[in-house]
Each structure stands twice: as structure tokens, then as C-alpha cells.
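Novice: Would you be able to build a 3D model of this:
(one chain, ligands or ions: 1)
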Amino acid sequence: DTGSAAATPIDPRFDIAYVTPVTIGTPPQTLQLDLDTGSSDLWVFSSHTPASQVRGQRIYAPDKSTTSKLLNGHTWSITYGDGSGSRGNVYTDKFTIGGVTVKSQAIETAQQVSSSFTTEDAIDGLVGLGFSTLNTVSPNGQLTFFDNAKPNLDSPVFTADLKYMKPGTYDFGFIDKTKYTGEITYVPVETDPGYWTFTSSGYGVGSGTFSSSPITGIADTGTSLVYLPTAIVTAYYRQVQGATNSRSYGGYVFPCNSTLPAFVFGVGEAKFTIPPSYMSYAAVTDGSPTCFGGLQSSSGIGVNIWGDVALKAAFVVFNGEEPPTIGWANK
Ligand SMILES: CC(C)C[C@H](NC(=O)C[C@H](O)[C@H](CC1CCCCC1)NC(=O)CC[C@H](O)[C@H](Cc1ccccc1)NC(=O)OC(C)(C)C)C(=O)O
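Specialist: Next up is the predicted model:
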């Protein structure tokens, strides 16, 4: 099998998240889900989600699918880094992304979602693409879509080609040579505890010298920004006129008309440049002259995160061979 599906920004003003159309059940029910390499639960708004918590999201109704089966006695409950969360019960059903079908995928149906999910009407749920060890279903953890699909994929990989303020693609089972330039640099992945954890070879601010120092972090399609050690973040904002670390806005902000340097990061011998336009993430509120940085400190998180602001600058191969590796190429 091979497949390809669009990754479309949910907001025209800034890339806060990307959604991908999927179909579930028989006849197929289409939902727009956020493919998230930073978690490993596939959960959806459903006919079990209280109407008061659903505001425009599409829902999966297992009772309307002839192929759905309740996974008796199984429940799930998840809380994400941003404090949002959801919980519910579990079915298995036919699940397809971009033409790749898993006949019996664990579909976690929400019986409760937190307010930020209710207000985010563009996201109907998540497809976790982290390692299945992170799955929260109890008493028996379930496999991710990728783990279920892998044996039938031409090649045990998926790739992310996310783009700045326009649709990109997720490909499954093949590496599309037209989507990148030069070579793909593969580096090892640490699969414990279950993220796509890898070590970057260093960073540079603008045209400044490149600092070769290992930066271990996770490649996370479900996180909007890049979160790195404070020393790197302060080195970057030292080059930005009027930048301050704002307690009220919860991170580094600067005048939107400031000139920003690019941010360079290394993977092995390769170098990737995040352009200034990605580094000026968004106005803190619509029309404000104050902008929020695409690079923020990871000191409060406990892990460095290469989120969408970095992933957009590259073509990324999530290689599920044994042992897994991650590949980065320019594009
Ligand atoms: C439960 C664990 C097994 C896994 C769990 N994994 C994570 O928390 C990382 C994972 O990638 C989660 C997945 C996201 C959860 C919230 C919905 C969107 C997906 N990432 C996260 O939890 C990180 C949160 C994102 O960065 C948010 C996403 C967002 C999207 C739309 C609207 C508002 C906010 N962006 C966001 O806050 O952007 C700003 C800063 C510009 C406002 C963990 O580590 O705890």
C-alpha cells in the first residue's frame, strides 16, 4: 500500500495546527483529524460526545457503521501538554487515510472533551503517530494507525511535508523524491518513552556562527512552535530589536515590524533554515503591533520540541523500520 493526504492549516492567519481528511466505518464517515507524532491515541468526536461539548465538529457515529465493534470494557483518558484533554470508550472499525486502509483500527470515541477542543471547531479529533507505547487505552493498549498499516505499506515509513500557511501532505508507505532536494539525512530515534526523539547537531542565529552542540528533542507535528533550551532562545532574541520575554503573553514577543534573523538547526552534517517569516509566528491578538515568536523556551516543559515551525522548513521521514530513524531533507 501507499497513500497521500493533505495537511491543511486550520487557520488562515497562522499555522496553529493542520488537519487531514480521514474516513471511518461503512459507509465511510469523513472527519478532519490532526495527525500528531507527539501522541499515540486515535480519538474522535462522536455520537457519545455530549451535545453541549460539540460545536460544529463532525462526529463518528459507530451505530451508523456496519463494521464497528465495541471494544468491551476498554476506556481511554488523555491530557496534552497544553492542558487540553478528552476521554471515552473504544470501538474498532475500518479506517482510511489517503487510500491506506486498516480494516480494524481502534477508534477512541470521546465521551468528554475539554473546553479548548469544544471551541476548536476545525479539529474533529487526533490521529496519534507516536509509538504505540504512549497509547492510553486501558486495560489493553492499542496500536496506532501507522503500526497497524505498516506491514501492508510498500515501505514502513510516513513522511511529513508541512507548509507555511498553505496545505502540505502526509505520505504513507513511500518517499516522494519530488518533495525534497539534495539528500535525506537520517539520525537515530530514541523510542523511550514513545516520542520520535532525536538529537540535532546544533544551531545558528541568522548569519552568525553555527554552534555545534547536541540538542535532543521530539519531532512533533501536533505542536505549533519550536521549544528549545533558554540559552539558545535568549541568543536568538538578543538579535531582535525590542524583544522581551512577556509574562502576560507567556513567551518572547517583539514589535511586528522588527527585523528577525533566520534560525538554523543541524541534523548530522545537514543544515536547515527556518526563515524569519516563520519565526514571527503571529500577532498576539488580531491587529496588534506586538508579535509572538515561533521559537520559545522549553524550560517549563521538560523536553525540547521541534514543532510545526521547524517541520515546515523541511521534508521529514518518519522511518518505522527496526530500529526506527528520522530523516530530514531540505525542500
Ligand atoms: C498524553 C501523552 C501520551 C502525549 C502528550 N503529547 C502532547 O501533549 C504533545 C502533542 O503533540 C499535543 C497535541 C495537540 C493537543 C491539543 C490539540 C492539538 C494537538 N501538543 C500539545 O499539547 C502542544 C499544544 C500545541 O502547541 C497547541 C495546539 C493547538 C491547536 C489548535 C488550537 C489551539 C492549540 N498550539 C499552541 O498552543 O499554539 C500557540 C502557543 C501558538 C497558542 C504528552 O506528551 O503529554
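
Novice: Leaving out the residues flanking it, which one is nearest to the residue most central in space within the chain?
Specialist: Centroid check for the chain by Cα atoms, centre = their mean gives T221 as the closest residue, at 1.8 Å. The spatial neighbour of T221 that comes closest, neighbours along the chain excluded (Cβ to Cβ, 6 or more residues apart in numbering), is T37 at 4.7 Å. (Glycine included, C-beta is placed from N, CA and C.)

Novice: pretty sure that neighbour contacts G222?
Specialist: Yes. The pair T37 / G222 is scored as a contact, 6.8 Å apart, by Cβ atoms under 8 Å.

Novice: Those two - which one has more neighbours?
Specialist: Counted by other Cβ atoms under 10 Å, T37 and G222 do not tie: T37 has more neighbours, with 28 against 23.

Novice: So G204 versus the ligand, what's the distance?
Specialist: 24 Å (Cβ to the nearest ligand atom, to the nearest Å).

Novice: Next one: the strand or helix carrying T20, is it in contact with the ligand?
Specialist: Using DSSP states H and E, the element containing T20 is strand 18-24. No. Using Cβ under 6 Å from any ligand atom, strand 18-24 stays clear of the ligand, coming no nearer than 9.5 Å.

Novice: Give me the buried positions along that strand.
Specialist: Y18, V19, T20, P21, V22, T23, I24 (16 or more other Cβ atoms under 10 Å).

Novice: next one: stretch 255-272
Specialist: For stretch 255-272, a neighbour-count test (16+ other Cβ under 10 Å) marks L260, P261, A262, F263, V264, F265, G266, V267, A270, K271, F272 as buried.

Novice: pLDDT on it, on average?
Specialist: Averaged over stretch 255-272, pLDDT sits at 98.

Novice: gap between the two ends of that stretch?
Specialist: 25 Å (Cα to Cα, to the nearest Å).

Novice: List the beta-bridge partners for V102.
Specialist: F95 (DSSP bridges).

Novice: List the contacts of it.
Specialist: When contacts are counted by Cβ atoms under 8 Å, 6 or more residues apart in numbering, V102 touches K94, F95, T96, F145, N148, A149.

Novice: same question, N140
Specialist: Here N140 is in contact with H74 (Cβ under 8 Å, 6+ apart).

Novice: And G266, by the same measure?
Specialist: S200, S201, G202, Y203, F210, S212, F272.

Novice: how about a cut-off of 6 Å?
Specialist: If you count contacts by Cβ atoms under 6 Å, 6 or more residues apart in numbering, G266 has them with S200, S201, G202.

Novice: try Y164
Specialist: Contact analysis of Y164 by Cβ under 6 Å, 6+ apart lists Y278, K312.

Novice: so what's A270 closest to, chain neighbours aside?
Specialist: That would be T185: by Cβ to Cβ, 6+ apart, it lies 4.1 Å from A270.
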